[in-house]
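In: with the sequence up front, the predicted model follows.
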There are 2 protein chains.
Amino acid sequence: MKRKITLKQIAKELDVSISTVSKSLRDSPEISEDTRLKVQAFAKLYNYKPNNIALSLKNRKTKTIAIIIPEIVHHFFATVISGIEQVAGENGYNVIICLSDESFDKEVINMEMLANGSIDGFIMSLSKETQSKGDFHHIIEVINQGMPVVMFDRVTNDILCDKVIIDDNRAAFDSVERLINNGFKKIAMITTVDYVSVGKLRTEGYLRALRANDVAVDENLILRIEDIDNCAEDIERFIAANKPDAVFAVNELFAVTAIKAAKKAGFDVPSDISVIGFTDGIISKYSSPSITTVSQDGIEMGGKAAKMLIQRLEMEDAEEEQEEHYRTEVIETHLVERESTTSLKKGNF
Amino acid sequence: MKRKITLKQIAKELDVSISTVSKSLRDSPEISEDTRLKVQAFAKLYNYKPNNIALSLKNRKTKTIAIIIPEIVHHFFATVISGIEQVAGENGYNVIICLSDESFDKEVINMEMLANGSIDGFIMSLSKETQSKGDFHHIIEVINQGMPVVMFDRVTNDILCDKVIIDDNRAAFDSVERLINNGFKKIAMITTVDYVSVGKLRTEGYLRALRANDVAVDENLILRIEDIDNCAEDIERFIAANKPDAVFAVNELFAVTAIKAAKKAGFDVPSDISVIGFTDGIISKYSSPSITTVSQDGIEMGGKAAKMLIQRLEMEDAEEEQEEHYRTEVIETHLVERESTTSLKKGNF
DNA sequence: TTTCAACACGAAAACGTTTGCGCGACCCTT
DNA sequence: AAGGGTCGCGCAAACGTTTTCGTGTTGAAA
């Protein structure tokens, strides 16, 4: 129950000044070998470790970065955190997690709470509510205070900062084109409402692929889910009514629900209907049939984001006046072929 | 790019002392309404917020708790974090995440790193390596320094502290007994090696249920997985060789793999083989057939853990000499019946 | 007019560090 | 013996707060 020992206490015990103790422990040449060793031995004995808070105050940096994400019980976000934590750890940074629960207010509160010296920078993905509101004042304010922000996945053009994204539009385009080239005629899409940036981009990619290949866009073949928690009936009705021969879903959940719906309607997957999902998570891997999906590497994304943030933080040290050149990194995606699609050849034929 | 404003700057601008500013902002009656309002207006204008680090240093508490878990890309742990974050937030606490990656060394490093004033307390679940080593000195040391620790799920009797667990043994016992009572004869078990505490407890529950119901234990019906990443072949061989009529798996992964293996071997689930898993995560819900499973509520577990920790932290404030009465909370589990089992009646008949 | 309370504010210590600078003691050189 | 240089250490400021304890001014009571 002994509290942690401080420089002051060591100084008192050894009857020297605090500065002498500090310098001894930092191997300053100012101090004689005698005192230095004596102090070091004593410090080791009592397991002295400098108080991080005091250091943070003095150095005006906390070596801590905050992650603000909509939710954590979500495979993709969990992998991103994992990636961030890894490179943060390698660079001596800690990681604070805040969940916005897709709520604008919580996002704001969390940011304001942490922006008062607790952390050195943010890595964040926007909540749905923030995206639909289009209100980013809290983020802009933080940036104006000179605190670096890196956004990933759910980003916005309205904010100037470093970003890490995948090319959602292109990934969707490639997948759908691949389906077209493999002879599928009625390619349905299950997507979100448009204010979710990634949903929107993936939808655009789908449409672009159809147009680029002279396939007529049939609005009936596009299902936009409002309430993600109760999408099962909608999807069942959709599949049964439209009888597509392929389904492109913008996330895992829609994909697996589509498969279940197809089975229920008497279709076999993949022989009657092929299904492609988005995000290579647990569901895609373990559902049966396992799901062909666009993989976005969350670990890599998190890692990249953390690297960008840390780089900017360390840059600040060197030259106070940093160049305000913001980068946007695009993470490669690729199609992971599994059992929910008939074998898909590459290329146009 | 204006740095955050401080009391000192406000004081200078308004030509009063720092103390006057501080007192004004905290509505001290010592200050005349005149100055008070003036200061408050100015502070509001410049969006003054007290620096958290300085407060932490002064108050000797950071309002931050650390979570140390083996991994985060794991549904159960993610739900626990979610539960912790929620009640932490409600009580004005922040949450730092550290991943041990199942490594003893990383666990130690993370704890030592944070124990130097960065946080007020720990919530943790042991890494496998720590459990197999049985070396808990880092945790004991932290506790001896007066820092509260709450352990959950993967705990140990070698440490005295608050704990939150589920009754693994009983949950397993109940599930297996339910299978027995429903007429299953060859109930196989897929489990981990014994040093994983929860695996061990669940195994014990399985054995206890067999013995309590006079079913002979057949060691051939127990499969202990060493390498969790390459368990598929082992499980396939196991199922094909032993042809059980029911399988009790100690986690989701084993359960879903068992189902796939059964299908491969030509069995139907559930009509030929019923499968019960453990942990109600994504896999159980979305695999087909969906999996009957023992649900352990991670949110509740995390919430309880956070409550216990915070309670202890606030208790410390009141009476420095806290009573060292540690509690162990047991979270209720229940069987979620889905498609991987034939309908299971309750009770003995 | 003196005394005392109330009032409004400031000085300073404290939390635990790091670090530039000053200062005394010693030794060596002329 | 006087001057200069080196060595070893302590003082104090700084990071941004909060809070205790003065202290000077005012107004009113005696």
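Out: That came through fine.

In: starting at the chain centroid, how far to the one helix or strand in chain A whose mean pLDDT sits lowest?
Out: Counting by mean pLDDT, DSSP states H and E, the weakest-scoring helix or strand in chain A turns out to be helix A:282-286, with a mean of 88. Distance of helix A:282-286 from the chain centroid (CA atoms, centre = their mean, to the nearest Å) equals 19 Å.

In: got the buried residues for that helix?
Out: A:I282, A:I283, A:S284, A:K285, A:Y286 (16 or more other CB atoms under 10 Å in any protein chain shown). Where you see a C-beta, it was placed from the backbone N, CA and C, and this is true even at glycine.

In: from the residues you listed, which is closest to DNA strand D?
Out: Minimum distance to DNA strand D across these is 44.5 Å, recorded for A:I282 (CB to the nearest atom of the strand).

In: and A:D214, what are its phi and psi?
Out: With angles defined as degrees, to the nearest 10, A:D214 sits at phi 60, psi 40.

In: and it, how far from A:R36?
Out: Remark: distance between A:D214 and A:R36 (CB to CB, to the nearest Å) = 80 Å.

In: for A:H74, same thing?
Out: In this structure, A:H74 and A:R36 are 52 Å apart, going by CB to CB.

In: which helix in chain A has the most residues?
Out: When chain A is parsed with DSSP state H, its longest helix is helix A:298-318.

In: for the least confident helix or strand of chain A, name the packing helices and strands.
Out: Where contact means 3 or more CB pairs under 8 Å, 6 or more residues apart in numbering or on different chains; DSSP states H and E, helix A:282-286 is packed against helix A:252-264, helix B:282-286.

In: average pLDDT for the following helix or strand past the shortest one?
Out: Next along the chain after helix B:282-286, taking DSSP states H and E as the criterion, comes strand B:292-296. Over the span of strand B:292-296, the pLDDT mean works out to 94.

In: contacts for the longest helix of chain A?
Out: Contacting residues not belonging to helix A:298-318 are listed as A:61, A:65, A:75-88, A:91, A:93, A:120-123, A:148, A:150, A:152-153, A:162, A:164, A:166, A:322, A:327, A:329, A:331 [CB atoms under 8 Å, 6 or more residues apart in numbering or on different chains].

In: helices or strands up against the following helix or strand past it?
Out: With elements assigned by DSSP H and E, the helix or strand that comes after helix A:298-318 is strand A:328-331. Using 3+ CB pairs under 8 Å, 6+ apart as the contact test, the elements touching strand A:328-331 are strand A:162-166, helix A:298-318.

In: for stretch A:234-245, give me every contacting residue.
Out: So stretch A:234-245 is contacted by A:184-188, A:190, A:220-221, A:223, A:225, A:247, A:254, A:257-258, A:261-262, A:264-265, A:267, A:272-274 (CB under 8 Å, 6+ apart).

In: scratch that, stretch A:49-58 is what I was asking about
Out: Contacts to stretch A:49-58, defined as CB under 8 Å, 6+ apart, come from residues A:4, A:6-7, A:62-63, A:117, B:51, B:53-54, B:56-57, B:62, B:112, B:115-118.

In: and it, how far out from the chain middle?
Out: Relative to its parent chain, stretch A:49-58 has a centroid offset of 30 Å by CA atoms, centre = their mean.

In: check whether it comes near DNA strand D.
Out: Yes. Counting by CB under 7 Å from any atom of the strand, DNA strand D is contacted by stretch A:49-58 at A:A54, A:L57, A:K58.

In: in the longest helix of chain A, what's buried?
Out: Of the residues in helix A:298-318, A:298-310, A:312-313, A:316 count as buried by neighbour count, 16+ other CB under 10 Å.

In: and the closest residue to A:I331 other than its chain neighbours, how many neighbours does it have?
Out: Leaving aside its sequence neighbours, A:I331 sits nearest to A:I166 (CB to CB, 6 or more residues apart in numbering or on different chains; 4.8 Å). A:I166 has 25 neighbours, counted by other CB atoms under 10 Å in any protein chain shown.

In: got the contact list for A:I166?
Out: Contacts for A:I166 (CB under 8 Å, 6+ apart) come out as A:D153, A:Q296, A:M301, A:V330, A:I331, A:E332, A:T333.

In: please report the distance of it from A:V198.
Out: 8 Å.

In: helix, strand, or coil at the residue nearest to A:G298 when sequence neighbours are not counted?
Out: Among residues not flanking A:G298 along the chain, A:T79 sits closest, at 2.9 Å (CB to CB, 6+ apart). Assigned by DSSP: H, G, I helix; E, B strand; the rest coil, the conformation of A:T79 is helix.

In: I'd say A:T79 and B:V73 touch.
Out: Yes. Here A:T79 reaches B:V73: they are 5.3 Å apart, a contact under CB atoms under 8 Å.

In: tell me where chain A has helices.
Out: Listed in chain order, the helices of chain A (DSSP H) span A:7-14, A:18-25, A:33-45, A:52-59, A:75-90, A:104-114, A:128-133, A:137-144, A:168-181, A:197-212, A:232-242, A:252-264, A:282-286, A:298-318.

In: now the end-to-end length of stretch A:25-37.
Out: With CA to CA, to the nearest Å as the measure, stretch A:25-37 spans 9 Å from end to end.

In: list the buried residues in that stretch.
Out: Quick answer for stretch A:25-37 (16+ other CB under 10 Å): A:L25, A:I31, A:R36.

In: can I get the contacts of A:I166 in TSV with distance to B:I139?
Out: Formatted as TSV, these follow (distance: CB to CB, whole Å):
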residue	distance to B:I139
A:D153	36
A:Q296	37
A:M301	33
A:V330	43
A:I331	38
A:E332	41
A:T333	41
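
In: pull the most distant pair out of these.
Out: Greatest spacing in the contacts of A:I166, by CB to CB: A:D153 and A:E332 (14.4 Å).

In: who's more crowded, these two?
Out: The neighbour comparison of A:D153 against A:E332 (other CB under 10 Å) goes to A:D153, with 25 against 11.

In: which bits of chain A sit near DNA strand C?
Out: Chain A has residues A:4, A:6-8, A:18-19, A:22-23, A:25-26, A:30, A:48-51, A:54-55, A:57-58 near DNA strand C, with proximity defined as CB under 7 Å from any atom of the strand.
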